[in-house]
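**Student:** Sequence and predicted structure below; questions after.
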Amino acid sequence: MAEFKTILIDKKEGVTIITFNRPEQRNAMSPQLHRDMYAALNELRYDKETRVIILTGAGPSFCAGQDLKQYFLEMDSQPQSVRDEVRRLSKLWRNELIRTMPQPVIAMINGWCFGGGFTIVTASDIAIAAEDATFGLSEVNFGHFPGGEVTIVLTEHLQPKHGLFYALTGKTFTAKEAERIGLITKAVPRTDLEKETMAIAQDLVEKDPIALKAVKEAWYYTFYSPPEVAYEISGLISQRVTQQHGGRPGIQQFREKKYQPGLGAYKWEK
Ligand code: COA
């Protein structure tokens, strides 16, 4: 795996943890971080050892949003080609790559999560936060608004009375509130954050990766397509899953009374 300047990668028993590693800047997303995340995710999607990905932050912050100095102030004086490159990668890894990764991606939110940091949470398939993590759409506080991809992901994930309230007031909110408004999956006590996230990851490692990839594909295609198109795509994914398995091994094992699908996963060929 390539070496990266702004992220750490740690692989263990099928689970790959990516840690945003700019703690002194509260893991704000610099142009280099966007380059690193784009390259890392592109490499990991083909990595057979990576069955689940966890995204988290070093130090007291998950992600303090875009780097207000490097991504905005310093970029304003960069040539158009550099601005285009960085903005493209910034959008791609959060709004496209994570969703289309074959592996499930879990955001493990360990602290501050502001502005653009929300897009990492919404792009991830599952989001678990420490109860004392703090969320905020702070853009209005510096005379701006949650722009570009932040607006898009918020309108997809939040009800207007929640999204507009927090975007207009810039007020911070707790992980419990994030759970209530559907921004995250679950808030857990800080002491349990790693344990609970790893338990979910390990459960997913035991599941058939062909099925996990299909769940994500069907979900996102259905979300973004008109119903009749989504239905057709779902049918095609279903055919492909059966072909890839060379039949329906999970249902065969059920017929042979080897397990109960309602209560656990079948044993798939590794
Ligand atoms: N962009 C660039 N630098 C940032 C940053 C960001 N989004 N967030 C924090 N930093 C930097 C600070 O400038 C400071 O750098 P310095 O030590 O060189 O002065 C360092 O990180 C620590 O910040 P500090 O404010 O002292 O830490 P804190 O733990 O007390 O507070 C925050 C953390 C996240 C509440 C606060 O830094 C903050 O409000 N950041 C901006 C968040 C934001 O509006 N994000 C939206 C961007 S789209």
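**Tutor:** Arrived safely. Residues are numbered from 1 along each chain as shown.
**Student:** buried stuff in the least confident helix or strand in the chain by mean pLDDT?
**Tutor:** Least confident helix or strand of the chain, by mean pLDDT, DSSP states H and E, is helix 149-157 with a mean of 89. By neighbour count on 16 or more other Cβ atoms under 10 Å, the buried set for helix 149-157 is 149, 150, 153, 154, 157. C-beta: built from backbone N, CA, C; applies to glycine.
**Student:** same question, stretch 183-191
**Tutor:** 183, 184, 185, 187, 188.
**Student:** now the third one: how far from residue 224?
**Tutor:** Right, residue 185. 21 Å (Cβ to Cβ, to the nearest Å).
**Student:** What of the first one?
**Tutor:** Taken as Cβ to Cβ, the spacing of residue 183 relative to residue 224 amounts to 20 Å.
**Student:** As CSV, the buried residues of helix 149-157 with distance to residue 108 would be great.
**Tutor:** As requested, the buried residues of helix 149-157 are exported to CSV (distance: Cβ to Cβ, whole Å):
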residue, distance to residue 108
149, 21
150, 21
153, 19
154, 21
157, 18
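**Student:** will you turn the residues you listed into TSV that also has distance to the ligand?
**Tutor:** Below are the buried residues of helix 149-157 laid out as TSV (distance: Cβ to the nearest ligand atom, whole Å):
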residue	distance to the ligand
149	11
150	7
153	13
154	13
157	17
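**Student:** Out of those, the closest to residue 99 would be?
**Tutor:** Set against residue 99, the nearest of the buried residues of helix 149-157 by Cβ to Cβ is residue 153 (10.5 Å).
**Student:** Would you confirm that that closest one contacts residue 116?
**Tutor:** No - Residue 153 is beyond contact range of residue 116, at 9.8 Å (criterion: Cβ atoms under 8 Å).
**Student:** So what's the residue count around residue 158?
**Tutor:** With neighbours defined by other Cβ atoms under 10 Å, the count for residue 158 comes to 20.
**Student:** quick one, phi/psi of residue 18?
**Tutor:** phi -100, psi 120 (degrees, to the nearest 10).
**Student:** need the residues of the chain near the ligand, please.
**Tutor:** 24-26, 28, 60, 64-69, 112, 114-116, 138-139 (Cβ under 6 Å from any ligand atom).
**Student:** Run through the residues that contact the residue of the stretch 101-250 of the chain at minimum distance from the ligand.
**Tutor:** Relative to the ligand, the nearest point of the stretch 101-250 of the chain is residue 115 (2.7 Å; Cβ to the nearest ligand atom). Counting by Cβ atoms under 8 Å, 6 or more residues apart in numbering, residue 115 makes contact with 64, 65, 66, 136, 137, 138, 139, 146, 150.
**Student:** quick one: contacts of the helix or strand where residue 62 lies?
**Tutor:** Residue 62 belongs to strand 61-63 when assigned by DSSP states H and E. Residues from elsewhere that reach strand 61-63 (Cβ under 8 Å, 6+ apart): 20, 23, 26-29, 56-57, 107, 109-114, 116-117, 120, 129, 133.
**Student:** follow-up on the earlier one: show me the contacts of residue 115 that map onto strands.
**Tutor:** residue 136 (DSSP state E).
**Student:** Neighbour-wise, give me the winner out of the contacts of residue 115.
**Tutor:** residue 137 (28 neighbours).
**Student:** That one is in contact with residue 166, isn't it?
**Tutor:** Yes - contact between residue 137 and residue 166 holds when scored by Cβ under 8 Å: they sit 4.8 Å apart.
**Student:** List the contacts of the residue sitting nearest the centre point of the chain.
**Tutor:** Nearest to the geometric centre of the chain sits residue 124, at 1.9 Å (Cα atoms, centre = their mean). Counting by Cβ under 8 Å, 6+ apart, residue 124 touches 55, 98, 105, 106, 107.
**Student:** who wins for neighbours among those?
**Tutor:** Most surrounded of the contacts of residue 124: other Cβ under 10 Å gives residue 107, at 28 neighbours.
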